[in-house]
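**Student:** Build me a structure from this.
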Amino acid sequence: MLEKRRQELRGKYLKLGTGELVAACVFALVASTIVMPRLSGPGDHFAMWSALIPLLVILVQAGVYWLLARGFNYFVIRLSYPVNQWFARVGKRNVPQLVQDFSVDSRHR
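**Tutor:** The predicted structure follows:
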């Protein structure tokens, strides 16, 4: 039963990770093939990529995070809290949900 739960979580994290990476690819592809030809000047190109690059970085980072979470709890404490609550929550040593999911699985192997 617990192995089934572990496999479900691994599948969920795989879907989340690949979904984030596919979204980054789709945004970049649409921007470069559909939007870029419609822009008139080099300033427009710069403005578009200046807005899009942070989104792409976040999507790729999130995708890599979820894919790494399938195998071990990499950067769990650093990345698992919202930025504005990070210091308060890390100081309380709360256990993030991702760690709780893996702890349940590892105890019942």
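
**Student:** Okay, the residue nearest the centre of the chain and Leu56: tell me how far apart.
**Tutor:** Central residue of the chain (C-alpha atoms, centre = their mean): Ala62, 1.4 Å from the mean position. Using C-beta to C-beta, to the nearest Å, Ala62 is found at 11 Å from Leu56. In this view, the C-beta of every residue, glycine as well, is placed from N, C-alpha and C.

**Student:** go on, His45?
**Tutor:** From His45 to Leu56 the distance is 15 Å (C-beta to C-beta).

**Student:** now swap in Gly41 and tell me
**Tutor:** 22 Å.

**Student:** So these two - more neighbours on which side?
**Tutor:** Leu56 (16 against 8; other C-beta atoms under 10 Å).

**Student:** What's the per-residue pLDDT of the closest residue to that one other than its chain neighbours here?
**Tutor:** In this structure, Leu56 finds its nearest non-sequential neighbour in Ala24, 5.1 Å apart by C-beta to C-beta, 6 or more residues apart in numbering. Note for Ala24: predicted pLDDT of 97.

**Student:** Ala24 touches Gly63, doesn't it?
**Tutor:** Yes: Ala24 lies in contact with Gly63 (C-beta atoms under 8 Å); the separation is 6.8 Å.

**Student:** Identify the residues contacting stretch 45-61?
**Tutor:** 20-21, 23-24, 27-28, 31, 35-36, 39 (C-beta atoms under 8 Å, 6 or more residues apart in numbering).

**Student:** 10 Å instead?
**Tutor:** Stretch 45-61 is contacted by residues 19-28, 30-32, 35-36, 39, 41, 75, 79 when judged by C-beta atoms under 10 Å, 6 or more residues apart in numbering.

**Student:** just checking, which of those belong to helices?
**Tutor:** 19-28, 30, 79 (DSSP state H).

**Student:** Going through these, which ones are buried?
**Tutor:** 20-21, 23-24, 28 (16 or more other C-beta atoms under 10 Å).

**Student:** hmm, which helix or strand of this structure has the shakiest average pLDDT?
**Tutor:** The weakest-scoring helix or strand in the chain, judged by mean pLDDT, DSSP states H and E, is helix 76-79 (a mean of 52).
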